[in-house]
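Chemist: just a sequence and a predicted model for now, questions to come.
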Amino acid sequence: NLTKTNKLILAAIAFLAVVGLGSGQAHAATLTVSGGCAIDEAVIAVNDAVDGNGCVKTGAAYGSSDTINIPSGSHMAIDVPEIENPVTIKGAGMDQTTVDADGLYEGFESREATMVTISDMKITNFIDSAIEIGQSSAVLKNLDIDGAGADANGILVFANDGGTYSLDAENVYVHNIQSTNGYVVAAFLITSDGQTNLNIDLRSTTIADIHNTVGGAIGVYLVAGTDNEGGSNLTADVVNTTVHNITSPGFSAPFGSLAGADNGITNVNTNITNITITGMRGGAGSIPFPGLISAAYYAIGFTIEASDVANVTTTVSNSIMADNLNDGVSSNCAVADASATFGGTGTVNAAIVSGGHNISDDDSCAGFNQPGDLQNFDNIIPTLGPLQDNGGVVPTRALLAGSPAIASGASVLGVTTDARGVVRNAECPSVGAFQFEGAVCAASTTNGGGTNAGAPNTGIGAVSPAMTIIATSLGLGIIAYALRKRTAVK
């Protein structure tokens, strides 16, 4: 009979043996881009699981998840093939490694690779998109996506094969995109169709200077159920994000959600916490959605059949919305049911709701009267610094002394730092992506209730064929592009 101690020792030995055997079977090769091994050749080597074209692996054999290291300096991404196997592509830092697509190619493109990780680099001078992820999960971290004035999208993610996928993006800066087409350009375009589940987590991300001189412009665009293949589910959690200067003469939205239901039930649910949105400029949507206006947040749904249900809900907490204009008029929230356009008779449940402690300069967000909400608050912009490096990885807009956002938020589970990694006050954190350091909590909170009330005491004196129609109107032509790209992988 074994003693209890002996049993524990034998169990530990058996566990270590299993781990040792298992690790021996989980092969992974490492390639370094240098000399004769260019980025495209490294991807080919990983896809084919064989050395070649100047690329020679180190470490174990090619296997379950290989690594491509791109050292500091500028590296050309010339005609990089689609990524077909799980891989980690890692630079030396977003301010040290630059991947230049030469103005003729996309950056990185994945198809059914199961899992792709791209981190620690700047991607610039691309067309179509800097990163395109199809039918795969992805981790994107410490990335500078610089459009260099290109007519392109930042990051495109799509899935429509009935699977379940995720996108985790942290410390990503998408900026400097200038489109001249009649469709929509987006920093993030994320689509889920064909009864697919897509889960999105965006943290400490900044989107800025996204412009379209003809069509529309959107920061984060969440789209589900528009491919006539039954319902789909898209869930997004967005935390500590700054969106600034999204402009077009047509439809604009820093955050846009679209749920379409044709032969099914589609759900798009977005939870937004500690966001700062400023400087949006846009106009009313074109036919067939003349009632849809530009706004900091918009939620739109449509159905085709009587049994269809489109649910699209955006919940906003601890966030700032200011200086966002539709045809020159302040516009922070807009909701629409577009079913009538297609003769649809199903049910649309579209809403933008408050989780409390939001500060806005108008009253367009109906129902933003929860604890801590301040609507119609004047002069928010003068209490925000410019978008710049305030520490951390991505640029932010600092809260200046006297800002109504200082010490006016509520603690949220899992949100313990701001976009820079600065610890938030657990009792009365700042509202928005930036945490003001050194503030004193108020004795009680204040609900603005549309009365332009002063902020709580901060201790620093703060007061004061339907798819074709959709794709060619409202500037949603980018959806047609995404559907075309997906056709190749069906």
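Modeler: Nice, I can see it. Keep in mind it's a predicted model, so treat the numbers as computed, not measured. Residues are numbered from 1 along each chain as shown.
Chemist: poorly predicted segments of the protein, please.
Modeler: In the predicted model of the chain, residues 1-27, 228-229, 285-291, 443-490 satisfy pLDDT under 70.
Chemist: need the three-state assignment for Ala42.
Modeler: helix (DSSP: H, G, I helix; E, B strand; the rest coil).
Chemist: quick one, helices of the stretch 1-150 of the chain?
Modeler: Under the criterion DSSP state H, counting those that start in this stretch, the stretch 1-150 of the chain contains helices at 4-25, 39-48.
Chemist: need the residues that contact stretch 376-388.
Modeler: Contacts to stretch 376-388, defined as Cβ atoms under 8 Å, 6 or more residues apart in numbering, come from residues 206, 208, 242, 244-245, 276, 278, 320, 322-323, 359-363, 395-405, 448, 450-453, 464. To be clear about C-beta, it is placed using only N, CA and C from the backbone, and glycine gets the same treatment.
Chemist: give me the buried positions along that stretch.
Modeler: Asn376, Phe377, Ile380, Thr383, Leu384, Leu387 (16 or more other Cβ atoms under 10 Å).
Chemist: quick check, nearest of the residues you listed to Val184?
Modeler: Comparing the buried residues of stretch 376-388 against Val184 with Cβ to Cβ places Leu387 closest, at 22.5 Å.
Chemist: secondary structure element holding the closest one?
Modeler: Under the criterion of DSSP states H and E, Leu387 resides in strand 384-388.
Chemist: next SSE downstream of that strand?
Modeler: Strand 384-388 is succeeded, C-terminally, by strand 396-399 (DSSP H and E).
Chemist: how many residues are close by Asn358?
Modeler: 28 (other Cβ atoms under 10 Å).
Chemist: where's it relative to Cys333, distance?
Modeler: Using Cβ to Cβ, to the nearest Å, one gets 10 Å for the distance from Asn358 to Cys333.
Chemist: sorry, back to before: of the contacts of stretch 376-388, which belong to strands?
Modeler: 206, 208, 242, 244-245, 276, 278, 320, 322, 359-360, 396-399 (DSSP state E).
Chemist: with adjacent residues omitted, what lies nearest to Ile418?
Modeler: One thing to correct before we go on: residue 418 is Asp, not Ile. Excluding its sequence neighbours, the residue lying closest to Asp418 (Cβ to Cβ, 6 or more residues apart in numbering) is Gln435, at 3.8 Å.
Chemist: surely that neighbour meets Val415?
Modeler: No - the pair Gln435 / Val415 is not scored as a contact, 10.2 Å apart, by Cβ atoms under 8 Å.
Chemist: which residues are in contact with both of those two?
Modeler: Residues touching both Gln435 and Val415 by Cβ under 8 Å, 6+ apart: Arg424, Pro429.
Chemist: who's more crowded, the two?
Modeler: Just comparing Gln435 and Val415: by other Cβ under 10 Å the higher neighbour count belongs to Gln435, 27 against 18.
Chemist: please, which helix or strand holds that one?
Modeler: Using DSSP H and E, Gln435 sits within no helix or strand.
Chemist: can you pull the contacts of it?
Modeler: Taking Cβ under 8 Å, 6+ apart, we find Gln435 in contact with Leu399, Thr417, Asp418, Arg420, Val422, Val423, Arg424, Asn425, Pro429.
Chemist: which among the residues you listed gets closest to Gly73?
Modeler: For the contacts of Gln435, the nearest to Gly73 is Arg420 (26.9 Å; Cβ to Cβ).
Chemist: residues near the closest residue to that closest one other than its chain neighbours, how many?
Modeler: Nearest non-adjacent residue to Arg420, counting by Cβ to Cβ, 6+ apart: Gly392, 2.8 Å away. A total of 19 residues lie near Gly392 under the criterion other Cβ under 10 Å.
Chemist: just to check, Gly392 is in contact with Thr417?
Modeler: No - contact criterion Cβ under 8 Å: Gly392 and Thr417 do not qualify, at 9.2 Å.
Chemist: follow-up on the earlier one: measure the residue nearest to Asp418 to Ala442 for me?
Modeler: Applying Cβ to Cβ, the value for Gln435 to Ala442 is 16 Å.
Chemist: now list the buried members of the contacts of Gln435.
Modeler: The neighbour count (16+ other Cβ under 10 Å) marks Leu399, Thr417, Asp418, Arg420, Val422, Arg424, Asn425, Pro429 as buried among the contacts of Gln435.
Chemist: in three-state terms, label the fourth one for me.
Modeler: Per three-state DSSP, the secondary structure class of Arg420 is coil.
Chemist: for Phe302, list each beta-bridge partner.
Modeler: Counting by DSSP bridges, Phe302 is bridged to Gly260.
Chemist: quick check: it touching Gly343?
Modeler: No - using Cβ under 8 Å, Phe302 and Gly343 do not qualify as a contacting pair, with a distance of 10.6 Å.
Chemist: please say which of those two ends up with more neighbours.
Modeler: Phe302 (29 against 8).
Chemist: neighbours of Val440, how many?
Modeler: Here the count is done by other Cβ under 10 Å, and Val440 has 14 residues near it.
Chemist: pretty sure it contacts Ala407?
Modeler: Yes - counting by Cβ under 8 Å, Val440 does reach Ala407; the two are 6.8 Å apart.
Chemist: CA atoms only: put the strand ranked longest in the chain into PDB for me.
Modeler: Ordering each strand of the chain by length in residues (DSSP E) puts strand 128-150 first. The C-alpha coordinates for strand 128-150 follow below in PDB (Å, rounded to 0.1, in the frame of the first residue of the first chain):
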ATOM      1  CA  ASP A 128      -7.000  47.200 -49.400                       C
ATOM      2  CA  SER A 129      -6.100  46.500 -45.700                       C
ATOM      3  CA  ALA A 130      -3.000  46.300 -43.400                       C
ATOM      4  CA  ILE A 131      -4.300  43.000 -41.900                       C
ATOM      5  CA  GLU A 132      -7.000  40.700 -43.100                       C
ATOM      6  CA  ILE A 133      -8.100  37.700 -41.000                       C
ATOM      7  CA  GLY A 134     -10.600  35.200 -42.500                       C
ATOM      8  CA  GLN A 135     -12.100  32.200 -40.800                       C
ATOM      9  CA  SER A 136      -9.400  32.400 -38.100                       C
ATOM     10  CA  SER A 137      -8.900  33.700 -34.600                       C
ATOM     11  CA  ALA A 138      -6.300  36.300 -34.100                       C
ATOM     12  CA  VAL A 139      -4.200  38.200 -31.500                       C
ATOM     13  CA  LEU A 140      -3.100  41.700 -32.600                       C
ATOM     14  CA  LYS A 141      -0.900  43.600 -30.100                       C
ATOM     15  CA  ASN A 142       1.400  46.600 -30.100                       C
ATOM     16  CA  LEU A 143       0.700  47.600 -33.700                       C
ATOM     17  CA  ASP A 144       0.900  50.900 -35.500                       C
ATOM     18  CA  ILE A 145      -1.300  50.700 -38.600                       C
ATOM     19  CA  ASP A 146      -0.300  53.800 -40.600                       C
ATOM     20  CA  GLY A 147      -2.300  54.200 -43.800                       C
ATOM     21  CA  ALA A 148       0.100  56.800 -45.000                       C
ATOM     22  CA  GLY A 149      -2.800  58.500 -46.600                       C
ATOM     23  CA  ALA A 150      -3.800  55.400 -48.500                       C
END
